[in-house]
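Novice: pasted the sequence and its predicted model underneath.
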Amino acid sequence: MVPTREAAEELLRDGEACNPGAWGEHSRVAAMCAERIAAACGDMDPEKAYVLGLLHDIGRKFGVKHMGHIYDGYHYMTRLGYDEVARICLSHSFSTQRLEDYVGKRDITEEQQEELRGLLREMVYDDYDLLIQVCDALAGTEVMIIEERMADVKRRYGAYPQDKWDKTLELKEYFEKKMRQDIYAVVGR
């Protein structure tokens, strides 16, 4: 289940009030990209894609965290009954489905990491998981070239696993084939 667009926008505004920062605008850009790509694919729900993109980082509501935002977002959305959003809060950072490929600090306990690892192992990604992963890579506070966004993350954190880099570019190609057009033309870059 996912909230309505209006409810999702309210959740994001509330999150930004708790922890102001660029993550809110990043989430809006990811949502816009997701909506446009889903519409261009023809077999996806643009409204659902928008909501998932808007709330993928909602765990940032709870403070400046790295892996913690994934854990917090997953549990927050689960508590609210938005299981499809909870799933995206988890899957958006793991295109390779390996916790070890996370770029950033592991600011949660070993027990919490093991919980996420187990959840990832059980998941079978669908097109919405893949869509939000690629849109996360397209979104800064404006639409970015994916390679530039990944290079920026690498500069800020000192590393970016090659498997994750390659997988993100595969996702770009996957959606370009589904849409039969260039991803940047669709998202307005």
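Specialist: That came through fine.
Novice: ok, G24 - contacts?
Specialist: G24 sits next to L12, G15, E16 when contact means CB atoms under 8 Å, 6 or more residues apart in numbering. No exception for glycine: its C-beta is placed from N, CA and C like everyone else's.
Novice: ok, so of the residues you listed, who is nearest Q113?
Specialist: G15 (23.2 Å; CB to CB).
Novice: V2 touches A86, doesn't it?
Specialist: No - because the distance of 10.1 Å does not satisfy CB atoms under 8 Å, V2 is recorded as not touching A86.
Novice: ok, the residue lying closest to Y128 once chain neighbours are set aside - contacts?
Specialist: By the measure of CB to CB, 6 or more residues apart in numbering, the closest residue to Y128 outside its immediate chain neighbours is L52, 5.7 Å from it. Applying CB under 8 Å, 6+ apart to L52 gives the contacts V2, A31, A34, E84, V85, I88, Y128, L131, I132.
Novice: switch to 6 Å and redo it
Specialist: I88, Y128, I132 (CB atoms under 6 Å, 6 or more residues apart in numbering).
Novice: after the worst-scoring helix or strand of the chain on mean pLDDT, which helix or strand is next?
Specialist: Considering only helices and strands, the least confidently modelled element of the chain by mean pLDDT, DSSP states H and E is helix 146-157, at a mean of 91. Tracing the chain past helix 146-157, the next element assigned as helix or strand by DSSP states H and E is helix 162-179.
Novice: can you list contacts of the very next helix or strand once past that next one?
Specialist: Next along the chain after helix 162-179, taking DSSP H and E as the criterion, comes helix 183-187. For helix 183-187, the surrounding residues in contact (CB under 6 Å, 6+ apart) are C33, R36, I37, A40, V143, K172, F175, E176.
Novice: could I get the residues you listed as a markdown table with pLDDT?
Specialist: Listed next are the contacts of helix 183-187 as a markdown table, based on pLDDT from 0 to 100:
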| residue | pLDDT |
| --- | --- |
| C33 | 98 |
| R36 | 98 |
| I37 | 98 |
| A40 | 98 |
| V143 | 97 |
| K172 | 98 |
| F175 | 98 |
| E176 | 98 |
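Novice: nearest to R79, of these?
Specialist: C33 (27.3 Å).
Novice: against P46, how distant is that closest one?
Specialist: As judged by CB to CB, to the nearest Å, C33 and P46 stand 11 Å apart.
Novice: those two: who's more crowded?
Specialist: In terms of neighbours (other CB atoms under 10 Å), C33 is the more surrounded of C33 and P46; the figures are 27 against 15.
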